[in-house]
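[1] here is my input, please return the structure:
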Amino acid sequence: MAATGTRYAGGFARVGELARMPTWQVPMALGGFMAALIGVLTYAFDAAKASQIVAASPNVIYLIVFGLIGLIGYAVSKHNVQNGSLVAAIAGLAIVAIVGGTTGLFTGLLLLVGAVWGLSASR
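    Residues are numbered from 1 along each chain as shown. Sure, this is the predicted structure:
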């Protein structure tokens, strides 16, 4: 099974495929994943602290949405580097500009670094 490169049900890749990822895609995947994860965890901790379902703050929603858009940019960059990098760069800029703070700067700049690195590697 390792030699065939088959995928599991639902299109999920094995860990071995992640090890063969081009280096410039790592910041894109990491930035998008961390933004979405931090948004979900922030909401979960707010709901647990209040012991009920609470309204999500706009920053949490923006982190989740633009983190997922960054992950979409990563997926697109596997097939078309320029289009995927453009999507990831837009998501990174939106996170930096709208969310701000330490989390927004860290995850947004990771997406931007991956996008710029991807564009420079494709030229």
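[2] of all residues in this structure, which one is nearest the centre?
    G32 (1.2 Å; C-alpha atoms, centre = their mean).
[3] so what's the gap between stretch 88-98 and the chain middle?
    11 Å (C-alpha atoms, centre = their mean, to the nearest Å).
[4] whoops, I mixed them up, stretch 113-123
    That offset, for stretch 113-123, works out to 16 Å (C-alpha atoms, centre = their mean).
[5] likewise for stretch 23-43?
    In terms of C-alpha atoms, centre = their mean, the centre of stretch 23-43 is set 4 Å apart from its chain centre.
[6] returning to what we had before: let me know the distance separating the residue nearest to the centre of the chain from S51.
    According to C-beta to C-beta, to the nearest Å, G32 stands 31 Å off from S51. C-betas here are computed from N, CA, C, even on glycine.
[7] does G114 belong to a helix, a strand or coil?
    helix (DSSP: H, G, I helix; E, B strand; the rest coil).
[8] that one contacts M28, doesn't it?
    Yes: here G114 lies in contact with M28, judged by C-beta atoms under 8 Å, at a distance of 3.2 Å.
[9] who touches both of those two?
    74, 85, 88 (C-beta atoms under 8 Å, 6 or more residues apart in numbering).
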